[in-house]
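K.L.:
3D, please:
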Amino acid sequence: MAARYLALAATLLSLAAATHARAECECLWQGSFAEVQAHTDLVVSGEVIAARGNSIDLAIERELRGESDQPDIRVWLKTGDYCRPEPDLFPVGSQWVMALQRITEDVPGGFNPHTPNVSYGRVGDYTLSSCGGYWLSRNDDWVTGNLVDAPRWVREPQMTPVLLDLVADYVAGRVDAQALAQASREDPAVRELMLDTRAFLRGAD
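P.N.:
Okay, here's the model as predicted:
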């Protein structure tokens, strides 16, 4: 009888642990990229070059704000109830603009030596929050996502892709949020015509 109770207790503990591992984080929406990026440590554009556990390695192609002492950085994503996006959203080869927080201290219980690829993250690495528009999808020179004035929790709103250079100008304080919003609402056909015209004029020169 005692053995049966012990087995039942072990089963309940396992179920509780599994439930905790699947627990969803609860956080308030912090705002679109235009609102949240200024409160982070590093804003970069780059490509995912590796993925392991709940982390990805991002090769930095452009620093929009802040500086990294490494060309490649590790970004820790969701595990347990951490308020971060799922790692599967960022496959190897995908391109992103990310607003990141640097890990500056160890978190109790945040690292398990038996599962080193699944943890809170190491000091010196970075985390990506899911509580706002902390990342934008990039396709070469163009970005989309919850950039400015987009609905809460909508990751890919209907919008015209915006030039990465314009986003960089916003982060640097050279243009305002209104310029981002206007660019995201431009008619795509008009934008393509303008780009074709500029390319033609450069060729003529």
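K.L.:
please make it C-alpha for all contacts and neighbour counts, starting now.
P.N.:
Fine.
K.L.:
excluding chain neighbours, what is closest to the residue nearest the centre of the chain?
P.N.:
With distances taken as Cα atoms, centre = their mean, Trp135 lies nearest the centre of the chain, 3.6 Å away. Leaving aside its chain neighbours, Trp135 sits nearest to Met98 (4.4 Å; criterion: Cα to Cα, 6 or more residues apart in numbering).
K.L.:
likewise for Pro91?
P.N.:
Closest to Pro91 by Cα to Cα, 6+ apart is Val48, at 6.8 Å.
K.L.:
and the one you found, what element?
P.N.:
strand 42-52 (DSSP states H and E).
K.L.:
so where's the chain uncertain?
P.N.:
1-24, 188-205 (pLDDT under 70).
K.L.:
hmm, 90 instead?
P.N.:
Applying pLDDT under 90 to the chain flags residues 1-26, 69, 80-81, 106-117, 186-205.
K.L.:
please enumerate the helices of it.
P.N.:
2-22, 33-36, 164-171, 177-184, 188-204 (DSSP state H).
K.L.:
pull up the gap between the closest residue to Asp165 other than its chain neighbours and Pro116, please.
P.N.:
Closest residue in space to Asp165, ignoring its immediate chain neighbours: Asp141 at 7.6 Å, by Cα to Cα, 6+ apart. Shown here: Asp141 relative to Pro116, a distance of 35 Å by Cα to Cα, to the nearest Å.
K.L.:
higher neighbour count, those two?
P.N.:
A count of neighbours by other Cα atoms under 10 Å puts Pro116 above the other of Asp141 and Pro116, at 14 against 10.
K.L.:
re the thing from before, now do the strand holding Val48: which elements does it pack against?
P.N.:
strand 55-65, strand 95-102 (3 or more Cα pairs under 8 Å, 6 or more residues apart in numbering; DSSP states H and E).
K.L.:
that strand pairs with which strands?
P.N.:
strand 55-65 (antiparallel), strand 95-102 (antiparallel) (DSSP bridges).
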